[in-house]
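**Q** model this:
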Amino acid sequence: MAITEPDATTAVIARNVALLRHGQRLSYEQLARRAGVSKGVVVQIEQARSNPNIATLCRLASALGVAVVDLLAEDSGAGVRVVRADEVPVLWSGPNGGTARLLAGTRGPDMLELWEWVLHAGERYDGAAHAAGTREIVHVVEGVLAIEVDGQRIDLAAGDGMTFAGDRRHAYLAVSDLVRFTMAVHEPPATWTPA
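**A** Residues are numbered from 1 along each chain as shown. Below is the predicted model of the structure:
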């Protein structure tokens, strides 16, 4: 099998994770321990040999005290950042064609993100619990979405919204053939004790 060039998003993530890890003088082991992933995962991400899933990106961002958008940003400047429609990365792809795209977000450590989700019939996304104090806001644009939080299921139709504690295990399920929803995630700054 031929080795291919990493896609642009994977390369940007690799560079940013390495820069942030070096800037904080963390070893691979220290970052891995903070993020709750293996050292091998961190090495593969920094070498652009792995395309991390949403949960891993969230863990790394939290462990580095930044927002997910900081791991995806191509520039390091502050101020206005415009994200064009054709630049929005797909960070999750479902088995039936569903997608999750991070539309925009603030830089860390007080993180606010805006996501666009599309789920097709039978698709489900199981989200790991985020850092303590995280809140999620969901607004259904089309279809019927079920959200499970701590084993409780709530069905939402087009136009419905919901706010819940994202620091609990949660899942999104397509109840109808097609579901479109937007989601905002607010994660307060994480506090770390020295390793």
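**Q** what ranges do the helices span in the protein?
**A** Counting by DSSP state H, the chain has helices at residues 8-23, 28-35, 39-46, 54-64, 68-72.
**Q** right, and these - which one's nearest Pro188?
**A** Closest approach to Pro188 among the helices of the chain (CB to CB): helix 54-64, 10.4 Å. The way it works is simple: take the backbone N, C-alpha and C, and place the C-beta from them, glycine included.
**Q** Show me what the closest one is packed against.
**A** The helices and strands touching helix 54-64, judged by 3 or more CB pairs under 8 Å, 6 or more residues apart in numbering; DSSP states H and E, are helix 8-23, helix 28-35, helix 39-46, helix 68-72, strand 90-93.
**Q** which of the ones you listed sits most buried?
**A** Comparing these by mean neighbour count (mean count of other CB atoms under 10 Å), helix 68-72 ranks first with a mean of 22.
**Q** before we move on, the earlier item: export the helices of the chain to TSV and tack on distance to Ala165?
**A** Formatted as TSV, those follow (distance: least, CB to CB, whole Å):
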stretch	distance to Ala165
helix 8-23	27
helix 28-35	21
helix 39-46	27
helix 54-64	15
helix 68-72	19
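**Q** what about those, which gets the closest to Val138?
**A** Among these, the nearest to Val138 by CB to CB is helix 54-64 (15.2 Å).
**Q** now that closest one: how far from the chain's centre is it?
**A** Computed by CA atoms, centre = their mean, to the nearest Å, the chain-centroid distance of helix 54-64 equals 7 Å.
**Q** same question, stretch 67-86
**A** Using CA atoms, centre = their mean, the offset of stretch 67-86 from its chain centre is 14 Å.
**Q** can I see the domain layout of this protein?
**A** Domain assignment for the chain by automatic domain parsing gives 8-72, 85-187.
**Q** Go through those domains and find the least confident stretch.
**A** When those are compared by mean pLDDT, domain 8-72 comes last with a mean of 89.
**Q** Let's check: the centremost residue of this structure is which one?
**A** Taking CA atoms, centre = their mean as the criterion, Ile54 is the residue nearest the geometric centre of the chain, at 4.0 Å.
**Q** State whether that one and Ser93 are indeed in contact, as I suppose.
**A** No. Under the criterion of CB atoms under 8 Å, Ile54 makes no contact with Ser93, lying 10.7 Å away.
**Q** returning to that earlier point: quick one, which of the helices and strands packed on helix 54-64 is nearest to Ala158?
**A** Distance to Ala158, taken as CB to CB, is lowest for strand 90-93 among the helices and strands packed on helix 54-64, at 21.6 Å.
**Q** which strands and helices sit next to the closest one?
**A** Packing partners of strand 90-93 (3+ CB pairs under 8 Å, 6+ apart): helix 54-64, strand 99-105.
**Q** Quick check: neighbours of that strand in the sheet, parallel or antiparallel?
**A** Strand 90-93 sits in its sheet next to strand 99-105 (antiparallel), going by DSSP bridges.
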